[in-house]
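> here is my input, please return the structure:
(one chain, ligands or ions: 1)
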Amino acid sequence: MDHAPQIVTWTTALSVGVDHLDAHHRRLIELLNQLGGAVSLGDSRQVTGMVLGELIRYVFYHFGEEERLMEEAGYQDLDAHRQSHRIMADHVRSLEQAYDRDPSAVVAAELHAFLADWLVHHIRAEDSRYAPALCQMAQAV
Ligand SMILES: [Fe+2]
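Now for the predicted structure:
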């Protein structure tokens with residue numbers, strides 16, 4: 001089985017129309033690609049674990065910021081979006097625990113593949129829906 005990590009590229013197709021959150025998504029993708037690099041180069045558990053930890057902390061920080069802005073904008077689907085973040089956060093925590101128990105390249109590669117798929121899908125399918133509400137708020141300020 002090929003474990004070559006997928007490289008994710010941020011393009012304007014992933015823009016949510018809010019510079020602050022686009023910058024977050026770009027940073028998330030950068031960290032994700034760093035993790036992919038660490039996995040494919042067979043970096044040590046310490047290096048891979050550090051990148052993974054940084055990525056996960058940034059994911060949680062980003063969720064908080066997104067939720068704060070959606071709340072400020074009075075976004076109507078905030079509850080559903082928050083729920084989607086919680087499910088992801090729980091899953092990430094359990095994957096992190098699995099990695100702690102077994103920091104093998106296979107587990108790290110699976111974790112990376114899951115995060116890459118989820119992130120791109122989430123930005124396209126869910127984050128893009130809050131764009132109109134948040135853009136309106138940004139213009140009103
Ligand atoms: Fe989100």
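
> pull the contacting residues for residue 25.
Under the criterion of CB atoms under 8 Å, 6 or more residues apart in numbering, the contact partners of residue 25 comprise 10, 14, 16, 62, 119, 123, 127. Just so you know, the C-beta spots here come from the backbone N, C-alpha and C atoms, and that holds for glycine as well.

> surely the first one touches residue 23?
When you say that, I think you mean residue 10. No - look at residue 10 against residue 23 with CB atoms under 8 Å: they stay out of range, at 9.9 Å.

> burial measure for residue 132, as a count.
12 (other CB atoms under 10 Å).

> and the gap between it and the ion?
The span separating residue 132 from the ion equals 15 Å under the rule CB to the ion, to the nearest Å.

> helices and strands around the helix or strand of the chain with the lowest mean pLDDT, which ones?
Here the helix or strand of the chain ranked lowest by mean pLDDT, DSSP states H and E is helix 128-140, holding a mean of 83. Packed against helix 128-140, as judged by 3 or more CB pairs under 8 Å, 6 or more residues apart in numbering; DSSP states H and E, are the following elements: helix 45-72.

> so the helix or strand just after the helix it packs on, near the ion or not?
The helix or strand immediately downstream of helix 45-72 is helix 78-101, counting by DSSP states H and E. No - in terms of CB under 5 Å from the ion, no part of helix 78-101 sits within range of the ion; the closest distance is 5.8 Å.

> need the nearest residue in space to the residue nearest the centre of the chain, chain neighbours excluded.
Note on the chain: the residue nearest the mean C-alpha position is residue 119, at 4.6 Å, using CA atoms, centre = their mean. In space, residue 119 comes closest to residue 28 once its chain neighbours are excluded; the distance is 6.1 Å by CB to CB, 6 or more residues apart in numbering.

> cool, residue 118 as well?
Nearest residue to residue 118 in three dimensions, chain neighbours excluded: residue 88, at 6.3 Å (CB to CB, 6+ apart).

> neighbours around the one you found, how many?
Close neighbours of residue 88, defined as other CB under 10 Å, add up to 18.

> circling back to that earlier point, and the contacts of residue 25, which is closest to the ion?
Distances from the contacts of residue 25 to the ion were compared by CB to the ion; the smallest belongs to residue 127, at 4.7 Å.
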